[in-house]
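# what's the 3D shape of this:
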Amino acid sequence: MNSEQEKARRAGFKKTLDDKEGRRRREETTRQIRKNKREENIAKRRQMTPAPSASTDITATGSDIDKSQRKLGALEDIPELTRMLTSPTSSDEEKVEATRGFRRILSVERNPPVDEVLAAGVLPFFVHNLTADPVNSKMVFESAWALTNIASTTQTPAVVEGGAVPPLITLLRHENADVREQATWCLGNIAGDNREFRDYLLKEGIVAPLVLNIEQPATMSLLNNMVWALSNLCRGKPVPDLALLAPAIGPLTELLYKDVSVEVLVDAVWALSYLSDGDNDRIGAVMTTGVADRLVQFLGPEMAPQMLTPVVRCLGNFATGSDSQTQAVVDAGILKHFVRLLENPKKGIRKETCWVASNIAAGTQDQITALITQPGVIEKIADYARNASWEVKKEALWTISNCFTTGTDDHTMMLVQCEALRPLADVLATKNADATVLCACLDAIEHVLNVSDRQGLSYGRVFDEYQGIESLENLQEHPSDQVYNKTIKIIETHFNADEEEDENLAPTTTDSGTFAFGAPSPKQLFSTPAQPMTFAFGQTNRAF
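Residues are numbered from 1 along each chain as shown. As a prediction, this is how the structure comes out:
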């Protein structure tokens, strides 16, 4: 397959006439899902006070915290805290306490007064104190925490422009695990803000120390945050430079075989799904680890519910790749989980599963056979193509259309027997249906009718029983030229009832008294409702 064919195949939508163009990328990303997740995590971090480390004493004791909260930690304390932090005569203890006071001010759950803190001019001192005295873990920790809370708001650029990124990345190798974790929180917030910051962090060399901590985590909490930060570095469009993230693929995959928290597993799979969201090279870089088999194992009924979406998404990305990459997903056993996934109460899971099925349906003949012969799958998808909400229905329609258009005559006959033609007829009458979906369905209908002609079957009559002809008539008014042209082609090829005229017959007259010559228009073909007909599959007589 040459590069131009591959580019066409991976276009942003399905084109069902050409199997090389049959696969498609997702039309939506998970930005909102991940944005909500990130905001939830940030809120928790802003409110939470981590327990003191068993080996170090970074945070103040309970009595000290209570005392500090009473005296220094409110909005009105900003002038005094600023004096303590910036005065050259302040002791290290006073500077630590001042930084802790600012951190408390910034840790309020709603509307933290970030602008007021920045207006006090203390951000450069937070940045400076990250590395001014590396052995002073309390100062470093509190400074990183204050910067984390600033970076969790819309003022993230202030942290980046203030020069905090290089010293924060340096802190990922700090001897104290709490300091490393706090630096990771801040960097994760920065990475999740926008793609420019994400790419800046990658170029600054953040991946290597993150991977080191993932491979040798001091605590599960630290591992959670390292993997979360790494997943933020993997996401976003345009996609990040794979070469900069390639060293993380192996460690991320290895996490899926370890005894780690569900949070770690979820973020690791999200990261792999982001990395595989692209061309075949990106997909291959992830699949070479053999992770497809492990991901399918996670689809078992005992899996944590929050794992489902990233696992299905990642496997779906694999299925958009080459035929061999799609085959690896099929060989891993994904199809045996389809019925349960299609019955999941969450609409998003049902939609994602239909999306995966649609890309398998755009594959090889053997892959289509495996899909439509998996017990209960095609029947469930055909039902969704008729009765589900539009988001799920659209993906189900893509699946059926691809099966028809890319499959063999035998596949077509099997699908018609399962009444998979009915939803294609139904969607033609759907108001405001997406033109791209309509075109795919029209391509599939044309293929079915061509098979009917080749095999001497009566699928035209079946289509009429589903009110398909009436819907075709109405589609002649569709605003899309592509829909109109495909509609006219089907009508003229398969439902043109024009008979040879007897030259001895007089021409008919119109209402105005003029003679009418020539073939009737497509509109006239369907002016009289067809009489109800019965049919049976496999008959050699043809309806039209």
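
# State the distance from the closest residue to Thr219 other than its chain neighbours to Leu147.
Leaving aside its chain neighbours, Thr219 sits nearest to Ala177 (6.0 Å; criterion: CB to CB, 6 or more residues apart in numbering). All C-beta atoms are positioned from the backbone trio N, CA, C, and that covers glycine. Ala177 sits 18 Å away from Leu147, going by CB to CB, to the nearest Å.

# and the two? which has more neighbours close in?
Taking neighbours as other CB atoms under 10 Å, Ala177 and Leu147 compare with Leu147 leading, 30 against 18.

# name the helices or strands packed onto the helix or strand harbouring the more buried one?
Assigned by DSSP states H and E, Leu147 belongs to helix 137-151. Here helix 137-151 touches helix 31-47, helix 92-106, helix 114-119, helix 123-128, helix 156-161, helix 165-171, helix 177-191, going by 3 or more CB pairs under 8 Å, 6 or more residues apart in numbering; DSSP states H and E.

# Out of these, which is closest to Asn359?
Among those, helix 31-47 comes nearest to Asn359, with 20.4 Å by CB to CB.

# taking the mean pLDDT, what do you get for that closest one?
For helix 31-47, the mean per-residue pLDDT is 42.

# re the thing from before, out of the helices and strands packed on helix 137-151, deepest packed?
A comparison of the helices and strands packed on helix 137-151 by mean neighbour count, using mean count of other CB atoms under 10 Å, puts helix 177-191 on top with a mean of 27.

# tilt between the helix holding Leu147 and helix 177-191?
Relative orientation of helix 137-151 versus helix 177-191 (axes from the mean of the first three to the mean of the last three CA atoms, to 10 degrees): 20 degrees.

# Tell me what angle helix 137-151 forms with helix 92-106.
Helix 137-151 and helix 92-106 meet at an angle of 20 degrees, taking the same axes, to 10 degrees as the criterion.

# from the middle of its chain, how far away would helix 137-151 be?
When distances are taken as CA atoms, centre = their mean, to the nearest Å, helix 137-151 is centred 33 Å away from the chain's centroid.

# next one: stretch 190-207
21 Å.

# likewise stretch 144-162?
Relative to the mean C-alpha coordinate of its chain, stretch 144-162 is positioned 28 Å out (CA atoms, centre = their mean).

# Now do the end-to-end distance for it.
End-to-end span of stretch 144-162 (CA to CA, to the nearest Å): 13 Å.

# Ignoring the adjacent residues along the chain, who's closest to Trp185?
Using CB to CB, 6+ apart and skipping residues adjacent in sequence, the residue nearest Trp185 is Thr148, 4.7 Å away.

# Who are the contact partners of the one you found?
The contact partners of Thr148, taken as CB atoms under 8 Å, 6 or more residues apart in numbering, are Arg45, Gln182, Trp185, Cys186, Asn189.

# Make CSV from the residues you listed and add distance to Pro166 to it.
Formatted as CSV, these follow (distance: CB to CB, whole Å):
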residue, distance to Pro166
Arg45, 22
Gln182, 16
Trp185, 17
Cys186, 12
Asn189, 16
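
# Keeping just the C-alphas, turn stretch 201-219 into PDB.
The C-alpha trace of stretch 201-219 is given here as PDB (Å, rounded to 0.1, in the frame of the first residue of the first chain):
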ATOM      1  CA  LEU A 201       8.000  20.400  29.100                       C
ATOM      2  CA  LEU A 202       8.800  17.600  26.700                       C
ATOM      3  CA  LYS A 203      11.700  19.600  25.200                       C
ATOM      4  CA  GLU A 204      13.000  20.500  28.700                       C
ATOM      5  CA  GLY A 205      13.500  16.800  29.300                       C
ATOM      6  CA  ILE A 206      10.700  15.900  31.700                       C
ATOM      7  CA  VAL A 207      10.200  12.300  30.500                       C
ATOM      8  CA  ALA A 208      13.400  10.800  31.700                       C
ATOM      9  CA  PRO A 209      13.000  11.700  35.400                       C
ATOM     10  CA  LEU A 210       9.300  10.800  35.300                       C
ATOM     11  CA  VAL A 211      10.100   7.400  33.900                       C
ATOM     12  CA  LEU A 212      12.800   6.900  36.600                       C
ATOM     13  CA  ASN A 213      10.200   7.500  39.300                       C
ATOM     14  CA  ILE A 214       7.700   5.300  37.600                       C
ATOM     15  CA  GLU A 215      10.200   2.400  37.500                       C
ATOM     16  CA  GLN A 216      11.300   3.000  41.000                       C
ATOM     17  CA  PRO A 217       8.400   4.600  42.900                       C
ATOM     18  CA  ALA A 218       8.900   5.500  46.500                       C
ATOM     19  CA  THR A 219       5.200   5.400  47.300                       C
END
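
# List the buried residues for it?
Neighbour-count burial for stretch 201-219, counted by 16 or more other CB atoms under 10 Å, picks out Leu201, Leu202, Ile206, Val207, Pro209, Leu210, Val211, Asn213, Ile214, Pro217.

# pretty sure the fourth one contacts Asp241?
Going back to what we said before, that points to Val207. No: assessed by CB atoms under 8 Å, Val207 is found out of contact with Asp241, at 10.5 Å.

# Make TSV out of the buried residues of stretch 201-219 and add secondary structure and pLDDT.
Converted to TSV, the buried residues of stretch 201-219 look like this (DSSP: H, G, I helix; E, B strand; the rest coil; pLDDT from 0 to 100):
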residue	secondary structure	pLDDT
Leu201	helix	98
Leu202	helix	98
Ile206	coil	98
Val207	helix	98
Pro209	helix	98
Leu210	helix	98
Val211	helix	98
Asn213	helix	97
Ile214	helix	97
Pro217	coil	95
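
# Throw these into a markdown table and include distance to Ile169, thanks.
Converted to a markdown table, these look like this (distance: CB to CB, whole Å):
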| residue | distance to Ile169 |
| --- | --- |
| Leu201 | 8 |
| Leu202 | 11 |
| Ile206 | 5 |
| Val207 | 10 |
| Pro209 | 7 |
| Leu210 | 9 |
| Val211 | 13 |
| Asn213 | 12 |
| Ile214 | 15 |
| Pro217 | 18 |
